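# when you get a sec, could you give me coordinates for this:
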Amino acid sequence: MGFFSFFSREKKETLDNGLQKTKQSVFEKIKRAVVGKDKVDDDVLDNLEEVLVTSDVGVETTVRIIERIQERVARDKYVGTDELNFVLKDEICQLLAENNSDDQVSFESELPETPYVIMVVGVNGVGKTTTIGKLAYQFKKAGKKVYLGAADTFRAAAVEQLVIWGERVGVPVVKQKMGADPASVAFDTLTSAKANGADVVIIDTAGRLHNKVGLMNELTKIKNVMQKVLPNAPHDVMLVLDGSTGQNAFEQAKQFTKATQVTSLAITKLDGTAKGGVVLGISDQFKIPVRYIGLGEGMEHLQVFDKQAFVETLFGE
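You can find the predicted model right below:
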């Protein structure tokens, strides 16, 4: 069975189209890296290192990839430049597989607990509320009963946007007046969801600047209040990152993981950027599952992240 045997044709096309800008950029850079060369030598590896770094894979992950290819070249004695794409793809797949993070899930998967609570965090502008709407759509499509909580009470637009998504998807949204205590909104949402037999609860939170310690402390308060309704809530703290910001997404991930216990990642806006390599670096370095990737505006364009399928698409012919 191939990498895409579990993918529908539609999902594969979405992945292909969503990564087109990154793929084209990477291929052009690799072509320049090997021009005039027939085998992978030190010059080619130096050029390849530059390709990966400028594709936002990240320095640490790039060094690990180059070291693996160096070992392979030394072992095989001769690796032609025509084999470079295959070798690169193979070594990256193996590197990411070693992380052993649980990324191959589906919206149809059985939930470990119901209602299953996802608290979504991230700075303003990364596509947080849109991601919540798309998650609600996918879970509902899979037959699950979904509730949304509008705990971003600092911006009227955030609550309005979530309400619009709720109406669009056809799921209830629990909200309070502007300026209300976000923890109170989360409490009401979980209470209502539990009473009405919900399967999934997704809580939106205010877009927080990662260097604002006081705002980060509020996330702890929200979690503590949730646990008065459901002792294990939230079951997933999902950090949403904007893939088009490249290295800034790395920095946000670093700061958020220091400030709160992040258990999964969603990386958005990959269709509009040539910086899709950031997904590889973040997946490798943080050892936190990249669970979802955003590949377009449509509700179907939020996909469960699969490392092998991603690498195959990015570096495949």
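# Thr268 against Gly127, yeah?
Yes - in this structure Thr268 lies within contact range of Gly127 using C-beta atoms under 8 Å: 3.8 Å. C-beta: built from backbone N, CA, C; applies to glycine.
# name the residues contacting each of these two.
Shared contacts of Thr268 and Gly127, defined by C-beta atoms under 8 Å, 6 or more residues apart in numbering, comprise Val240, Asp242, Gly294.
# look up phi and psi at the residue nearest to the second one when sequence neighbours are not counted.
Put plainly, it is Asp242. Once flanking residues are discounted, Asp242 sits nearest to Val126: 4.1 Å by C-beta to C-beta, 6 or more residues apart in numbering. Here is the backbone geometry of Val126 (degrees, to the nearest 10): phi -90, psi -10.
# could you give the number of residues near Val126?
26 (other C-beta atoms under 10 Å).
# ok, it - contacts?
For Val126, the contact set (C-beta under 8 Å, 6+ apart) comprises Gly207, Val240, Leu241, Asp242, Gln252, Thr268, Lys269.
# for those, give me TSV that also has secondary structure.
As requested, these are exported to TSV (DSSP: H, G, I helix; E, B strand; the rest coil):
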residue	secondary structure
Gly207	coil
Val240	strand
Leu241	strand
Asp242	strand
Gln252	helix
Thr268	strand
Lys269	coil
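# and the least confident of those residues?
The lowest pLDDT within those belongs to Gly207, with 75.
# what's the neighbour count on Ile164?
Neighbour count for Ile164, taken as other C-beta under 10 Å: 13.
# any idea of the pLDDT on it?
pLDDT recorded at Ile164 is 94.
# numbering from 450 from now on, please.
Sounds good: first residue 450 from here, last item Ile613.
# which members of the contacts of Val575 define the maximum pairwise distance?
Pairwise distances across the contacts of Val575 peak at 15.1 Å for Gly656 and Lys718 (criterion: C-beta to C-beta).
# the two: which is more packed in?
Neighbour totals were compared for Gly656 and Lys718, and Lys718 leads with 24 against 19 (other C-beta under 10 Å).
# Three-state assignment for the residue nearest to the more buried one when sequence neighbours are not counted, please.
Excluding the flanking residues, the one nearest Lys718 by C-beta to C-beta, 6+ apart is Ser693, at 4.6 Å. For Ser693, the assignment made with three-state DSSP gives helix.
# pretty sure Ser693 is touching Gly726, no?
No - with contact defined as C-beta under 8 Å, Ser693 and Gly726 do not form a contacting pair (11.9 Å).
# neighbour-wise, which of the two wins?
Legend: neighbour count by other C-beta under 10 Å for Ser693 and Gly726, higher for Gly726 (27 against 22).
# residues touching the closest residue to that one other than its chain neighbours, list them.
Leaving aside its sequence neighbours, Gly726 sits nearest to Ser504 (C-beta to C-beta, 6+ apart; 3.7 Å). Neighbouring residues of Ser504 by C-beta under 8 Å, 6+ apart: Thr471, Ser474, Val475, Lys478, Ala723, Lys724, Gly725, Gly726.
# which of the residues you listed ranks first by neighbour count?
Neighbour counts for the contacts of Ser504 (other C-beta under 10 Å) peak at Gly725, which has 30 neighbours.
# I'd like to know how far the closest residue to that one other than its chain neighbours sits from Val674.
Closest residue in space to Gly725, ignoring its immediate chain neighbours: Thr471 at 3.3 Å, by C-beta to C-beta, 6+ apart. Here the criterion is C-beta to C-beta, to the nearest Å. By it, Thr471 lies 40 Å from Val674.
# coming back round to it: okay, the residue nearest to Asp691: pLDDT?
88.
# what does the one 3 residues further on give?
Model confidence at Thr578, given as pLDDT, is 91.
# what does Asp552 give?
pLDDT, Asp552: 54.
# and for Thr706, the neighbour number?
For Thr706, using other C-beta under 10 Å, the count is 18.
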